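> Fold the following, please.
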Amino acid sequence: MNKLNKLTVAVLLLATILMAIPQTMALTSYLTSAETTYPSIVGSRIDNCLLCHNTAAGGAVNVYGAAYLAAGYNFTAIQNADSDGDGYTNLAEINNKTFPGNASDHPSAVIITPPTGTNVYNVSGFSLNSSDNTGLPGWTINISNGTINMEDITDVNGSYIFSGISNGTYTLTENPMTNWTNVSPSTVEVTVNGADLPDQNFTNMPKIVEVLPYVVSGFSLNSSDNTGLQGWTINISNDTINMQGVTDVNGSYMFSGISNGTYNITENPMTGWTNVSPSTIEVTVNGADLPNQNFTNILMAQPPVNAEVAYIVIVPYSVSLHTGEELQFHAQAYDANDTKKDANISYIIKNNESEVGTITESGLFSALQSGRVRITASSGDISDTAVVTVTNIDHRHRHGDRHHNSGGWQEYIDEVN
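Presented below is the predicted three-dimensional model:
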């Protein structure tokens, strides 16, 4: 081999070595960081590049390694996450010497061999259901003191185990679970002294969740024929709840999920109807449904509108008033033969010209300010209109006395009546 070829080979070899150095240093640096953060993994089955990489030689990172990089090279920041989605936190897997970047490698799938050496022991036990003493899977157990902090999750049998525990005093804690109550203390202090500590159990009782099965129901009824009244609003309330319902086509209402207690049930009034029964009743739910909480109503008698009414005459048909004065209008209904008819007649101000004055349903007009308004007296679709002119003269300070019946319209009222 000539000198040129030897030089070329030497350069290529040096380049290869230099390219490999950063990766090797990086791998060594990451693993060293893991061993510093979690001293218990030193010499264990996870103390190698597979902790963060897909192969033992390094290369591409696994999901745990990717999370480590994304967290700014901080193992502690991701220890409560579950990077591989196997149901165990990264910390639980580290403590149990399983790979947090491999979903098929987790505490319940791997038999952990305790570290060799003297004075290392197992602390184990169960999370139990007090009702039948069966194991509770998926409960998080923690063991800690000033030196270690390890976490495990109970397996399908409710069992947990911490291996490689040195002599010393530790706090053992069972994390709470929703809808369960601890029967035994949730935190206990244990001492390892030259032997394993089995049967460090936690007992739990399922909470009794209050079921609200009760129904309060009834009807809004027509007292004349006892048929249901549709569209009536019913309300049930106490200091805790306030619910509202509307009666259906059968007049029925129903409130579901009502717990034991005392409530007010109210039927809202409807125009044209009067309550026969009280509109508000007090009821007590005590371990059973409350049906037939009914309300009875009667339709108020309405003055008949005579279909034979041909026309209406309102008097006076034109009048002038001063502000502050009042005037009673009168209207009479007639049939086609000019015979007086009894009819239900109401009075309104047309086009909402209420700033000039107001009028009651019985026809009493009050003048408020200057202007002109039209008063309509109607029965059904039959009506007549009068005009009122109001001027701003205070009748209390003007001379003379002005009578509302001036102009002869009082005589006309006498005539039509």
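> Just the C-alphas of stretch 30-49, formatted as CSV.
Taking C-alpha atoms only, stretch 30-49 is exported to CSV below (Å, rounded to 0.1, in the frame of the first residue of the first chain):
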residue,chain,number,x,y,z
TYR,A,30,-27.9,10.1,29.7
LEU,A,31,-27.4,6.8,31.6
THR,A,32,-25.2,8.5,34.1
SER,A,33,-27.9,11.0,34.7
ALA,A,34,-30.5,8.2,35.2
GLU,A,35,-28.2,6.5,37.7
THR,A,36,-27.7,9.7,39.6
THR,A,37,-31.4,10.4,39.7
TYR,A,38,-32.3,6.8,40.6
PRO,A,39,-29.4,5.2,42.4
SER,A,40,-31.4,2.0,42.9
ILE,A,41,-31.1,1.1,39.1
VAL,A,42,-27.3,0.8,39.2
GLY,A,43,-26.4,-2.7,38.2
SER,A,44,-30.0,-3.7,37.6
ARG,A,45,-31.6,-5.1,34.4
ILE,A,46,-32.6,-1.5,33.2
ASP,A,47,-29.1,0.0,33.8
ASN,A,48,-28.3,0.1,30.1
CYS,A,49,-29.1,2.0,26.9
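> Give the rounded mean pLDDT of it.
On average, the pLDDT along stretch 30-49 is 84.
> Just the buried residues of that stretch, please?
30, 31, 34, 35, 38, 40, 41, 44, 46, 47, 49 (16 or more other C-beta atoms under 10 Å). For glycine as for every other residue, the C-beta is placed from the backbone atoms N, C-alpha and C.
> May I have the predicted confidence score for the residue nearest in space to the middle of the chain?
In the chain, the residue lying closest to the centroid (C-alpha atoms, centre = their mean) is residue 241, at 13.8 Å. For residue 241, the model assigns a pLDDT of 92.
> Hmm, residue 188 and residue 172 touching each other?
Yes - the criterion here is C-beta atoms under 8 Å, and residue 172 meets it with residue 188 at 5.2 Å.
> what sits in contact with each of those two?
Contact criterion C-beta atoms under 8 Å, 6 or more residues apart in numbering; residues shared by residue 172 and residue 188: residue 200.
> Touching, residue 291 and residue 218? I think so.
Yes - between residue 291 and residue 218 there is a contact under C-beta under 8 Å: 7.0 Å.
> And the two? Which one has more around it.
Neighbour tally, residue 291 and residue 218, criterion other C-beta atoms under 10 Å: the higher count belongs to residue 218, 22 against 12.
> how does this structure divide into domains?
Listed domain ranges for the chain are 3-95, 120-206, 214-299, 311-416 (source: automatic domain parsing).
> JSON lines for the ones you listed, including distance to residue 105?
JSON lines is the format used below for those (distance: least, C-beta to C-beta, whole Å):
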{"stretch": "domain 3-95", "distance to residue 105": "8"}
{"stretch": "domain 120-206", "distance to residue 105": "15"}
{"stretch": "domain 214-299", "distance to residue 105": "47"}
{"stretch": "domain 311-416", "distance to residue 105": "82"}
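> closest to residue 106 out of those?
domain 3-95 (4.4 Å; C-beta to C-beta).
> Quick one: the strands in the stretch 1-150 of the chain, in order.
Taking DSSP state E, counting those that start in this stretch as the test, the strands found in the stretch 1-150 of the chain are 53-55, 58-61, 120-129, 140-144, 149-153.
> Packed most tightly, which of these would that be?
strand 149-153 (a mean of 21; mean count of other C-beta atoms under 10 Å).
> and the angle from that one to strand 140-144?
Put simply, strand 149-153 runs at 160 degrees to strand 140-144, going by axes from the mean of the first three to the mean of the last three C-alpha atoms, to 10 degrees.
> Adjacent strands (with direction) for strand 149-153?
Partners of strand 149-153 in the sheet, by DSSP bridges, are strand 140-144 (antiparallel).
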